[in-house]
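What follows is a protein structure lacking sequence information:
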């Protein structure tokens, strides 16, 4: 250990926080700090501002880590040029430790303050919970190659429906709203940034095959063209198929995906990139189990094989297909930088479910609701639904060196159109739920629960300026303006079942200021003040007369104050931060005289401390640790916020020497609550999950095979199957439903590098 490293080890987190306000160490220019950094996750992609080392300061939202030996093997690490807390998970950790069926939610699970729930195994159903400091899916952005994506009705994300583990080069968890140039509808709780793989410089084909628990199998291949011509045109493609029975009973999945990227240099300073993906999933979806069912049938109880039951797996399934494509242009000349990306993506989901798969609602689709006159008293009631949307948009960023710094501006436009319908169904007869006289069932006005189209149009211009105050200090200040407009046209509106044609637009102005200071070439710090926001949910329109309340509802906002520091040397990477977040304009609802109203009241106070670091002991051995203390209390009633662990921690040991890699990593999640209901809530006790991974890469001395890699992953080593999340409630009696931790499981993978 070097003297400087030893000195840093002796300093407490409190001391590091105090040093943020001091300017007492050796100067370093901001330009030198950026020059000593490179992007995580492999070769840079000159088509996106989030992946360009040369342009590290030009575009906001960079995820940049130091180019050191320890940064290559650190599971998570902070950034030396960040202006808010962020943790980057590199490609090495993703490929070695995440199951071949996994996705970005499995990667971010290791990060401080992050809590995830994958009930069916990694990537084998949509992740049930992804909580960041207590902010839930729908309260933060997720981007792919810099493109914000998700469902516009509530800003949630279908984790299994787009990119796969093999198509991902790195993932960054940004725990804050960012600068003015951080774009998206939910900067409220931060951003998860997923970056795709980039073409390699040499031609190669890398087929892979994996087998694992629950009859899981993955087959695929990555193809790199290398340089195709004198201009440097190159491309990469990944093709993949996976099947699994899943951990939960009768919750199988089949997934097929294709990803491709083409990079075309246009001269010395401009690059054109084409990216696209297609994904198809067929899966049987569980809705959780009651404690009584878990006790009787075991922790993996979900669906069954009885066609006379609403829990029959064929009555509870999803058929989902998606695509995404973009064209990116990146150019740098005469102090200018232009980065533009036009894109489109779509999601098409046909869903089927039993009316009450947990058994509290009896069969009898054609009953009239009074318990008599049932034509088919044993028929299975169910529901069929469709959710389709398509988004198209463009992100333009322009920067220019100006005075003692750099001026940045840009614009994000996005338009998403949706079609949503659902109706009651007789699963036994496989027909809609109407009786023999053609009348509606169960006394309702129609078997149609909803039939609606809606759209969300978002426009976000921003300006910001980076003022290089001294050689080792800069300040970024800016403002973003948000305009978003919702439109709905329903024959049968969700919740009410009544027609509705309505539109509403909202506006928000979001300032931010960030301070960055470099103590030395490998030690930097930052302070941030910024506003975050969350656009109002579409459910504001699920009322009889939205005009009554929509004028009273403002976008939910956060005010963020954060301090942090990052140290990175050849053998040590260490980051820490403290934060305080005030969330206001909390949107709540109440029913008065049978009419539902929405309004703003109260919010949540968040505060905490986060640490993460990796130290290379020597001889190929490293130790990794992170931890967080988190507090999230609702201001209206002083109750603890749901799905917010009091603390998180991780401890890992890594061996990486030449062709050998091995890791033993434990993630601990502290106590949390199912809901914020003071009278009817049960805490989930703290629990830990331990995973082991190992791989060996060697030359098999086979013609046309350069390398062969054999890897194994043992997940949940100590077979902890405790309850770890509330899944929802039953239809009839609102009985709580739960998910449990998947039992011990393994994956065995073989990868070949051909030619």
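The structure has been received and is ready for your questions. What you see is a predicted model; the values in this text were computed from it and never measured. Numbering: from 1, shown residues only.

contacts and neighbour counts: CA atoms only from here.
OK.

those strands in the stretch 351-500 of the chain, which residues are they?
Secondary structure of the stretch 351-500 of the chain by DSSP state E, counting those that start in this stretch: the strands cover 381-402, 405-426, 431-432, 448-470, 473-492, 500-520.

cool, and the stretch 651-755 of the chain?
Using DSSP E, counting those that start in this stretch, the strands of the stretch 651-755 of the chain run over residues 660-669, 672-673, 683-684, 687-698, 705-715, 723-729, 736-740, 745-754.

Give me the residues contacting stretch 182-196.
For stretch 182-196, contacts defined as CA atoms under 8 Å, 6 or more residues apart in numbering pick out 60-61, 104, 132, 135, 138-146, 148, 155, 167-178, 412, 458, 460, 531-535, 556-558.

Which of those residues fall within helices?
Taking DSSP state H as the definition of helices, these contribute residue 104.

What's the ChimeraX line that selects buried ones from the contacts of stretch 182-196?
Typed into ChimeraX, the next command selects the buried ones out of these (criterion: 16 or more other CA atoms under 10 Å):
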select :60,61,104,132,135,138,139,140,141,142,143,144,145,146,148,155,167,168,169,170,171,172,173,174,175,176,177,178,412,458,460,531,532,533,534,535,556,557,558
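
any idea of the mean pLDDT for stretch 240-249?
Averaged across stretch 240-249, pLDDT comes to 97.

Now do the SS call for residue 549.
State at residue 549, reduced to three classes by DSSP: H, G, I helix; E, B strand; the rest coil: helix.

So it sits against residue 599, correct?
Yes. Counting by CA atoms under 8 Å, residue 549 touches residue 599, with 6.7 Å between them.

Would you format the strands of the stretch 351-500 of the chain as JSON lines with mean pLDDT and distance to residue 363 included?
JSON lines is the format used below for those (pLDDT from 0 to 100; distance: least, CA to CA, whole Å):
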{"stretch": "strand 381-402", "mean pLDDT": "96", "distance to residue 363": "6"}
{"stretch": "strand 405-426", "mean pLDDT": "95", "distance to residue 363": "10"}
{"stretch": "strand 431-432", "mean pLDDT": "78", "distance to residue 363": "15"}
{"stretch": "strand 448-470", "mean pLDDT": "95", "distance to residue 363": "19"}
{"stretch": "strand 473-492", "mean pLDDT": "95", "distance to residue 363": "25"}
{"stretch": "strand 500-520", "mean pLDDT": "94", "distance to residue 363": "32"}
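
Out of those strands, which gets nearest to residue 727?
Proximity to residue 727, assessed across the strands of the stretch 351-500 of the chain by CA to CA, is greatest for strand 381-402 (18.9 Å).

buried ones in that closest one?
By 16+ other CA under 10 Å, the buried positions in strand 381-402 come out as 381-401.

Measure how far that strand is from the centre of its chain, please.
On the basis of CA atoms, centre = their mean, to the nearest Å, the separation between the geometric centre of strand 381-402 and that of its chain is 15 Å.

Stretch 726-733 too?
Between the mean C-alpha location of stretch 726-733 and the chain-wide mean there is a distance of 25 Å, by CA atoms, centre = their mean.

What distance separates the opening and closing residues of it?
Its start and end residues considered, stretch 726-733 measures 16 Å (CA to CA, to the nearest Å).

bridging residues for residue 656?
On the basis of DSSP bridges, residue 656 is bridged to residue 661.

need the contact list for it.
Contact partners of residue 656, counting by CA under 8 Å, 6+ apart, are 73, 620-621, 662.

Now do the host helix or strand of residue 280: which elements does it pack against?
Here residue 280 sits within strand 270-284, counting by DSSP states H and E. The contact analysis (3 or more CA pairs under 8 Å, 6 or more residues apart in numbering; DSSP states H and E) places strand 270-284 against strand 253-266, strand 317-333.

mind checking how far that strand is from the chain centre?
Computed by CA atoms, centre = their mean, the separation of strand 270-284 from the middle of its chain amounts to 16 Å.

what's the answer for stretch 610-627, then?
Between the centre of stretch 610-627 and the centre of its host chain there is 25 Å, according to CA atoms, centre = their mean.

who's in contact with that stretch?
Residues from elsewhere that reach stretch 610-627, judged by CA under 8 Å, 6+ apart: 70, 74-78, 111-113, 571-578, 628-629, 647-657.

cutoff 6 Å now
Residues external to stretch 610-627 that are found in contact with it (CA atoms under 6 Å, 6 or more residues apart in numbering): 74, 112, 571-577, 628, 648-657.

Pull out the buried residues from those.
74, 112, 571-577, 628, 648-656.

Show me these that map onto helices.
Among these, no member falls in helices (DSSP H).

Which residue ranges of the stretch 101-250 of the chain form strands?
Taking DSSP E, counting those that start in this stretch as the criterion, the stretch 101-250 of the chain carries its strands at 114-117, 129-132, 141-144, 147-148, 168-174, 191-196, 204-212, 216-224, 234-244.

Which elements pack onto the first one?
Strand 114-117 sits against strand 129-132, with contacts defined as 3 or more CA pairs under 6 Å, 6 or more residues apart in numbering; DSSP states H and E.

before we move on, what about the third one?
Applying 3+ CA pairs under 6 Å, 6+ apart, one finds that strand 141-144 makes contact with strand 191-196.

Compute the inter-axis angle for the strand it packs on and strand 270-284.
Put simply, strand 191-196 runs at 100 degrees to strand 270-284, going by axes from the mean of the first three to the mean of the last three CA atoms, to 10 degrees.

Tell me how far strand 191-196 lies from the chain's centre.
Between the centre of strand 191-196 and the centre of its chain there are 8 Å (CA atoms, centre = their mean).

The residue nearest to residue 708 when sequence neighbours are not counted - how many residues pack around it?
Take residue 708 and drop its neighbours on the chain: the residue closest to it by CA to CA, 6 or more residues apart in numbering is residue 752, 4.6 Å away. Using other CA atoms under 10 Å as the criterion, residue 752 is surrounded by 21 other residues.
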